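A.B. asks: Predicted model follows, preceded by the sequence.
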Amino acid sequence: MIDAVATDSSTPSPDSKQRRARRTRMTGAERRQQLLEIGRTLFAAKGFEGTSVEEIAAKAGVSKPVVYEHFGGKEGLYAVVVDREMRRLLDMVTGSLTAGHPRELCEQAAFALLDYIEEYTDGFRILVRDSPIPQSTGSFASLISDIATQVEDILGREFKSRGFDPKLAPLYAQALVGMVALTGQWWLDVRRPKKAEVAAHLVNLAWHGLDGLEQKPRLIGHRKA
């Protein structure tokens, strides 16, 4: 009876067989995507230094060489994660700028960054940390500069129509985008007030300046939340 029990206990359970089967059926592309998602979560929670290849491999249910095979190590995985997040954020911001009125364009840019923070919180946490390695898309500061370049064209046209020097548009674009990005870092943790209210106050300050602030700022675009 004891021998029979011992024999049974050494037999792999159906669940363990299924887990192994799922691992062997995963394609190279699926495995790469799995490692990216696991790495993204760990880097957001622990940072680059606090995350190890051993932990990434363990979470994926694979050996360390599999991680090296796909990314060459932790640095390679981190670089791909950061590049993907930077492209996602830049695409969201540039894709949002569709309005004709400059004030509504400011609203759209503010909403795009806040949307990214809300929907891709892990990605934003990774981006705002100082990266220990270079990425093909640069740093978070360079990404903000790329977004400011999109805003710069809008401000340049507005400055020219109002008789201001359009050469100052780059300075104001950097100031506006930097203000939204830093406010976004703060809002990441507090999440108060609501997103639409944050966007309204950001545009209120950007559009009116401290001297002409509205007591109850409003959004003029179609989006109110």
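C.D. replies: Structure's in. What do you need?

A.B. asks: Now Met68: closest residue in space, sequence neighbours ignored.
C.D. replies: Small correction: residue 68 is Tyr, not Met. Closest residue to Tyr68 in three dimensions, ignoring its sequence neighbours and counting by CB to CB, 6 or more residues apart in numbering: Val53, at 7.5 Å. Backbone N, C-alpha and C define where each C-beta goes, glycine included.

A.B. asks: Gly73 is in contact with that neighbour, correct?
C.D. replies: Yes: look at Val53 against Gly73 with CB atoms under 8 Å: they come within range, at 6.6 Å.

A.B. asks: between those two, who's got more neighbours?
C.D. replies: More crowded of Val53 and Gly73, by other CB atoms under 10 Å: Val53, with 18 against 12.

A.B. asks: For Trp187, give its distance to Ala79.
C.D. replies: In this view, Trp187 and Ala79 are 27 Å apart by CB to CB, to the nearest Å.

A.B. asks: what do you get for Ile220?
C.D. replies: Distance check for Ile220 against Ala79: by CB to CB, it reads 40 Å.

A.B. asks: Those two: which is more packed in?
C.D. replies: Higher neighbour count among Ile220 and Ala79: Ala79, with 18 against 14, using other CB under 10 Å.

A.B. asks: pLDDT at Ala4, what is it?
C.D. replies: On the pLDDT scale, Ala4 is placed at 45.

A.B. asks: Which positions within the host helix or strand of Glu69 qualify as buried?
C.D. replies: Using DSSP states H and E, the element containing Glu69 is helix 64-71. Within helix 64-71, the residues that qualify as buried are Val66, Val67, His70, Phe71, counting by 16 or more other CB atoms under 10 Å.

A.B. asks: Not including adjacent chain positions, what is the nearest residue to Lys224?
C.D. replies: Distances taken as CB to CB, 6+ apart place Ala196 nearest to Lys224, at 6.0 Å, with adjacent residues excluded.

A.B. asks: element containing that neighbour, please.
C.D. replies: For Ala196, the host element (DSSP H and E) is helix 195-208.

A.B. asks: Now do that helix: distance to the chain's middle.
C.D. replies: Averaging C-alpha positions (CA atoms, centre = their mean, to the nearest Å) puts helix 195-208 21 Å from its chain's average.

A.B. asks: Can you tell me what sits against stretch 153-169?
C.D. replies: Stretch 153-169 is contacted from outside by Leu97, Pro102, Leu105, Glu152, Tyr172, Ala173, Leu176, using CB atoms under 8 Å, 6 or more residues apart in numbering.

A.B. asks: Excluding residues flanking it in the chain, which one is nearest the fourth one?
C.D. replies: Yep, that's Glu152 we're talking about. Distances taken as CB to CB, 6+ apart put Ala173 closest to Glu152, at 4.0 Å, once the chain neighbours are dropped.

A.B. asks: With the last one instead?
C.D. replies: Spatially, and ignoring its direct neighbours in sequence, Leu176 is nearest to Ala206 (5.3 Å; CB to CB, 6+ apart).
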